[in-house]
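1. Here is a sequence together with a model predicted from it:
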Amino acid sequence: MVAADDRRRAAQLRRIFGDDTHPEPSIIIGASDDRGMMLGGAVVEPFVSDELISKEPDAARQFATTHRILAALFVLPEARGSGIGRELLSEAAYWALPHGGRYLDGFVDDRNNSADFYRRSGATVVGHNTGLPARRPTNSELSHYPGIDGTWFYVDAWRMHQGKINCSRCRDVFEFVDEDGGYLLCPNCGTPEAK
């Protein structure tokens, strides 16, 4: 099933980007102990929607560029409480950065009951059964799926990983400016990136 999903997502990304550079269909991140035993993992995917591709291809390209979806995050019961989940979320947000990514979006089903974990780990958690708010640069809300009870959250990877993102012009480290939706500013070039 995973391979089929990846092929479908890869085809959607080709429809959006053609031969241009684009996000990977999915990234799998693992956490293991010193002996190599798996303790947890995460799956990150780009945001793609057939409906958006058909109706608004430019918006589909913008969403696929700036938004990543946390499709899965798990930690084995015996490893919970050790910080592995928080590290996996941080690493997943870091993987949102290549090719212009900024946001890691995710959903917690009510049956999972882990919205507080995401809040404590630095994510912005929105209201129950509420979609995601409009954020720069897409400035479009993402609707909640009817019939599924739970909570959406997002991580601003620029904010979480400030000090790790370099200017494409001079390679200096960007500063994150927390105003007007947040943007990156190069202290050397003085120009904002993706404002």
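-> That came in fine, so what should we check first? Numbers count the residues shown, from 1 in each chain.
2. Give me the pLDDT for Gly182.
-> The confidence metric pLDDT takes the value 90 at Gly182.
3. How about the contacts made by Ala157?
-> By Cβ atoms under 8 Å, 6 or more residues apart in numbering, the residues touching Ala157 are Ala93, Tyr94, Ala96, Leu97, Gly101, Arg102, Tyr103, Leu104. The way it works is simple: take the backbone N, C-alpha and C, and place the C-beta from them, glycine included.
4. Need phi/psi at the residue lying closest to Thr130 once chain neighbours are set aside.
-> Spatial nearest neighbour of Thr130, chain neighbours left out: His144 (5.8 Å); criterion: Cβ to Cβ, 6 or more residues apart in numbering. For His144, the backbone dihedrals (degrees, to the nearest 10) come out as phi -80, psi 140.
5. give me the element Asp58 is part of.
-> Assessed by DSSP states H and E, Asp58 sits inside helix 57-66.
6. same for that helix, what does it pack against?
-> Helices and strands touching helix 57-66, by 3 or more Cβ pairs under 8 Å, 6 or more residues apart in numbering; DSSP states H and E, are helix 2-17, helix 50-55.
7. Mind telling me which of these the model trusts least?
-> Among these, helix 2-17 has the lowest mean pLDDT, at a mean of 78.
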